[in-house]
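**Student:** For reference, the sequence and a predicted model appear below.
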Amino acid sequence: MQRLQIEPRTNLKGTIRVPGDKSISHRAVMFGAIAEGTTRVEGFLPGADCLSTIDCFRKMGVPITRKSDTSLVIEGGGWDGLQEPTEFLDVGNSGTTIRLMLGILAGRSFYSAIAGDASIARRPMDRVIQPLRRMGAKVEGRSGGSFTPLGVRGGGLHGIEHQSPVASAQVKSCLLLAGLQAKGITQVKEPSLSRDHTERMLRAFGVEVDSFAGGVSVRGGQTLTGGEVKVPGDISSAAFPMAAALIVPGSRITIRDVGLNPTRTGIIDAFQAMGGQVEVTETGEWCGEPVGDLTVHASSLHGVEIGGELIPRLIDEIPILAVAATQAQGRTVIRDAAELKVKETNRIAVTAAELTKLGAHVEETPDGLIIEGPVSLTGSLCDSHGDHRIGMAAAVAGLIAKGGTTVENASAIDVSFPGFAETMGRL
Ligand SMILES: O=C(O)C1=C[C@@H](OP(=O)(O)O)[C@@H](O)[C@H](O)C1
Ligand SMILES: C=C(OP(=O)(O)O)C(=O)O
């Protein structure tokens, strides 16, 4: 397993781009595969998770050609173009792949078996399996279908109304994809708005989606029409160089063509609330998604309290937000984030453990973290624990830690940010 070696730095400078948005890249492949006609994707994220999505659809007979690392052509044959897979569908490390695919498989009248790596085997699937069963899908699996491996015999679905207990775009998207194949209307309500890339891209593919306060619904029996997708840079990846620029003295960087969907920009709001100088310039809209440039200056930060509706808007950025909080004056409290326990790792426990190794003052709470700052960090031997976001958070912390820092199991970073070390190196 690859190791990353980090030395302390000052004066990060320059202009970079980050790889394509992971959520949008997954959806481009999936929607292209179930659409009628050709879909061309530019700016695709060639990270391990999105490659798993491609692999699953190829196993169902969908022709997907990679013209380059970041450019794809998908020949969709509509819903009925998907063929019964003769092999296990392997989602690797990707929660988005398995949960969204389950919504597609639930409506197909064939048998499929799906599983992923050891991390996926620990992540809860009952949040999608229970409502899918209520729609009429037949799903078997470990612990009554709560965990992988799962077997699905789909078809014969009817619409339901579902109140999700968690604000989860994966749950919402899964049920909308099943709902498009069901009789009648499928409605999903959530406690606060999760990322809405599915709603936006379905509309771009010609589907009627009804968004209302507190939820979203679709009518069954609709088909998707293939088209062009241009994927913006992933704000969740941009969060790492952003945090680095905020905390490394003398820094000023620009990140171009970043997705600025308001359901994803919570990290900008949080950094600004901490006193971080982040300038946002919106430059346009790509396939219904706002896009722009971010300029970030080294800043003196102060602690903040973060919770409620902001959490789903920055859920994947909490490990790197915690790194920035170690350099903020006073106390940072992150609450309402218990979902972090069921990501690639228990990100509350693992963020606290890795930052503590570096000398930070971090306390784990049942639904978040309390961080006291500012603290001078000391270089240490850190571990990604197989979690891309933890690996990158530790690496950014290493940029301000006295002495060298090593991140073990750094190859996990390729899940969402291939070329992370090279991109950071350019600064
Ligand atoms: O729909 C998506 O693309 C994602 C939704 C989020 O998960 P939940 O919806 O389960 O919170 C997020 O953590 C994940 O990285 C990607
Ligand atoms: C939680 C994440 O992804 P997924 O749920 O798709 O594994 C993530 O990328 O941080």
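**Tutor:** Done, it's in. Ligands and ions are numbered 1, 2, ... in the order given.

**Student:** Once you drop chain neighbours, what's closest to the residue of the stretch 1-150 of the chain found nearest ligand 1?
**Tutor:** Using C-beta to the nearest ligand atom, the single residue of the stretch 1-150 of the chain nearest to ligand 1 is Ser23, 3.2 Å away. Where you see a C-beta, it was placed from the backbone N, CA and C, and this is true even at glycine. What sits nearest to Ser23 in space, not counting adjacent residues and going by C-beta to C-beta, 6 or more residues apart in numbering, is His197, at 5.0 Å.

**Student:** again with Val323
**Tutor:** Closest to Val323 by C-beta to C-beta, 6+ apart is Ala397, at 4.8 Å.

**Student:** Pretty sure the one you found sits against Leu355.
**Tutor:** Yes: using C-beta atoms under 8 Å, Ala397 is in contact with Leu355, at 6.8 Å.

**Student:** who touches both of the two?
**Tutor:** Val323, Thr326 (C-beta atoms under 8 Å, 6 or more residues apart in numbering).

**Student:** okay, these two: which has more neighbours?
**Tutor:** Ala397 (32 against 26; other C-beta atoms under 10 Å).

**Student:** dump the residue contacts of the closest residue to Asp414 other than its chain neighbours.
**Tutor:** Spatial nearest neighbour of Asp414, chain neighbours left out: Ala48 (5.2 Å); criterion: C-beta to C-beta, 6+ apart. Residues in contact with Ala48 (C-beta under 8 Å, 6+ apart) are Gly92, Asn93, Ser94, Asp414, Val415.

**Student:** Need those residues in TSV (columns: pLDDT and secondary structure).
**Tutor:** Shown next, in TSV, are the contacts of Ala48 (pLDDT from 0 to 100; DSSP: H, G, I helix; E, B strand; the rest coil):
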residue	pLDDT	secondary structure
Gly92	98	coil
Asn93	98	coil
Ser94	98	coil
Asp414	97	helix
Val415	98	helix
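
**Student:** Between all of those, which two are at the greatest distance?
**Tutor:** Farthest pair in those (C-beta to C-beta) is Ser94 and Asp414. Separation: 12.3 Å.

**Student:** Comparing the two, which shows the higher neighbour count?
**Tutor:** A count of neighbours by other C-beta under 10 Å puts Ser94 above the other of Ser94 and Asp414, at 28 against 19.

**Student:** Hmm, Gly116 and the more buried one touching each other?
**Tutor:** Yes: look at Ser94 against Gly116 with C-beta under 8 Å: they come within range, at 6.7 Å.

**Student:** which neighbours do the two share?
**Tutor:** Between them, Ser94 and Gly116 share the contacting residues Ser52, judged by C-beta under 8 Å, 6+ apart.

**Student:** tell me the pLDDT at Met1?
**Tutor:** We have a pLDDT of 63 for Met1.

**Student:** Can you tell me the closest non-neighbouring residue to the residue in the chain that ligand 2 sits nearest to?
**Tutor:** Relative to ligand 2, the nearest point of the chain is Gly95 (2.7 Å; C-beta to the nearest ligand atom). Leaving aside its chain neighbours, Gly95 sits nearest to Arg123 (5.7 Å; criterion: C-beta to C-beta, 6+ apart).
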